[in-house]
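everything below, folded, please.
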Amino acid sequence: MTQSHIRHSGSISAEFTRDDGSATPLAHQPEADKTTSDNIAQTSPLITVYMPTWNREKLAIRAIQSILRQDYECWQLIIVDDCSPSFATLSEYVASLADPRITYVRNDYNSGACAVRNQAINMAQGTFIAGIDDDDEWLPNRLSSFLQQRHKLQQHAFLYADDYLCDKPQFTSLQELHLYPKPAFTQNLFNKKNIVGNQVFTLTERLQNTLFDAQLSAAQDYDAFYRLAEIWGAPYKVSQATQILYVNHGEARITGSRKKFSGYYGFYKKHKNKFDAASKKYQLFTLYYIRNKPMSVRTLMALFTLRNVKRYLMLFSGFRKRKF
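Next comes the predicted model:
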């Protein structure tokens with residue numbers, strides 16, 4: 001009988017990282033173009049799905065079940081458990097599946113979400129790669145819809161798509177959910193905020209040579225995707241919602257809100273030299289918002305743009321809790 005791969009790991013892979021914790025990108029060399037073309041042209045390529053998890057067994061099982069329901073079946077799922085105190089149910093569930101496409105690794109110590117993402121990414125064997133958070137869920141056509149557009153990766157760093165938002169533990173039909181549409185990519189928008197979301201689809205080699213910055217306590221996805229776009233070109237949006245983001249499941253989140261300001265400030269310092277004046281003002285306004293720090297008239301005037309004025313007025317409206 002075939003069995004799912006289950007093992008423990010006491011070490012975390014940290015390849016391709018600089019002293020500051022950020023990944024060292026490979027330059028886009030002309031000789032890589034033929035390899036890219038050959039990979040994209042594969043008829044039934046293997047897709048790696050990576051999933052970090054920590055102490056959310058029931059939610060992780062739901063996420064795994066959504067991978068099992070994919071209408072494209074040539075995938076591998078790599079689950080890295082960041083030393084969860086409670087893991088028996090998840091481990092036993094994976095073992096019961098006896099699916100050789102699924103690998104479950106439980107680390108011997110807690111190292112943080114970025115480190116376990118990078119660990120899973122470095123284990124990937126697929127031509128393409130995509131991530132899923134353990135508290136989210138995919139629709140059955142998630143992988144196939146990306147795969148249909150894989151030729152776009154010749155000119156674009158990665159693919160991204162719309163999401164659905166679910167603010168309750170479960171739902172019975174998609175009509176109950178809120179559509180979370182994302183704009184088509186422009187560098188001007190991306191310099192201001194993460195318009196891509198939390199997951200992308202790309203060539204595995206690209207993500208392995210970019211990785212997530214473990215020194216950032218938040219905005220790690222924004223940073224990794226920003227660096228991917230710098231190297232490989234503007235991302236491409238697939239106009240289809242294939243992921244469900246659960247925004248109010250009541251369980252602990254991997255990234256705590258108290259770390260958010262530090263992470264976004266780190267992102268700003270890392271990339272601010274690439275931003276124009278309007279983008280810098282937008283980013284700084286966001287930092288004030290995250291920190292929940294009152295703005296003086298002098299500060300508001302220093303950050304004045306029509307967009308920031310609108311955002312400031314929203315702080316005193318029913319949109320106070322909206323992400324912007």
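
can I get stretch 60-71 as PDB, trimmed to CA atoms?
Taking Å, rounded to 0.1, in the frame of the first residue of the first chain, the C-alpha atoms of stretch 60-71 are listed here in PDB:
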ATOM      1  CA  ALA A  60      -5.800  22.600   7.900                       C
ATOM      2  CA  ILE A  61      -7.800  19.500   7.200                       C
ATOM      3  CA  ARG A  62     -10.400  21.600   5.400                       C
ATOM      4  CA  ALA A  63      -7.700  23.100   3.300                       C
ATOM      5  CA  ILE A  64      -6.300  19.700   2.400                       C
ATOM      6  CA  GLN A  65      -9.700  18.500   1.400                       C
ATOM      7  CA  SER A  66     -10.000  21.400  -1.000                       C
ATOM      8  CA  ILE A  67      -6.700  20.300  -2.600                       C
ATOM      9  CA  LEU A  68      -8.000  16.700  -2.900                       C
ATOM     10  CA  ARG A  69     -11.000  18.100  -4.800                       C
ATOM     11  CA  GLN A  70      -8.900  19.800  -7.500                       C
ATOM     12  CA  ASP A  71     -10.000  18.800 -11.100                       C
END
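
can you give me the offset of that stretch from its chain's centre?
In terms of C-alpha atoms, centre = their mean, to the nearest Å, the centre of stretch 60-71 is found 17 Å from the chain centre.

just the buried residues of it, please?
By neighbour count on 16 or more other C-beta atoms under 10 Å, the buried set for stretch 60-71 is 60-64, 66-67, 70. (Glycine included, C-beta is placed from N, CA and C.)

how about stretch 77-88?
By 16+ other C-beta under 10 Å, the buried positions in stretch 77-88 come out as 77-84, 87.

let me have the residues you listed in a markdown table, extended by pLDDT and distance to Ala161.
Below are the buried residues of stretch 77-88 laid out as a markdown table (pLDDT from 0 to 100; distance: C-beta to C-beta, whole Å):
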| residue | pLDDT | distance to Ala161 |
| --- | --- | --- |
| Leu77 | 98 | 19 |
| Ile78 | 98 | 21 |
| Ile79 | 98 | 22 |
| Val80 | 98 | 24 |
| Asp81 | 96 | 27 |
| Asp82 | 95 | 27 |
| Cys83 | 94 | 32 |
| Ser84 | 92 | 29 |
| Phe87 | 92 | 31 |
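
in a markdown table: those, plus distance to Lys182 and secondary structure.
Formatted as a markdown table, the buried residues of stretch 77-88 follow (distance: C-beta to C-beta, whole Å; DSSP: H, G, I helix; E, B strand; the rest coil):
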| residue | distance to Lys182 | secondary structure |
| --- | --- | --- |
| Leu77 | 25 | strand |
| Ile78 | 26 | strand |
| Ile79 | 27 | strand |
| Val80 | 27 | strand |
| Asp81 | 30 | strand |
| Asp82 | 28 | coil |
| Cys83 | 33 | coil |
| Ser84 | 31 | coil |
| Phe87 | 34 | coil |
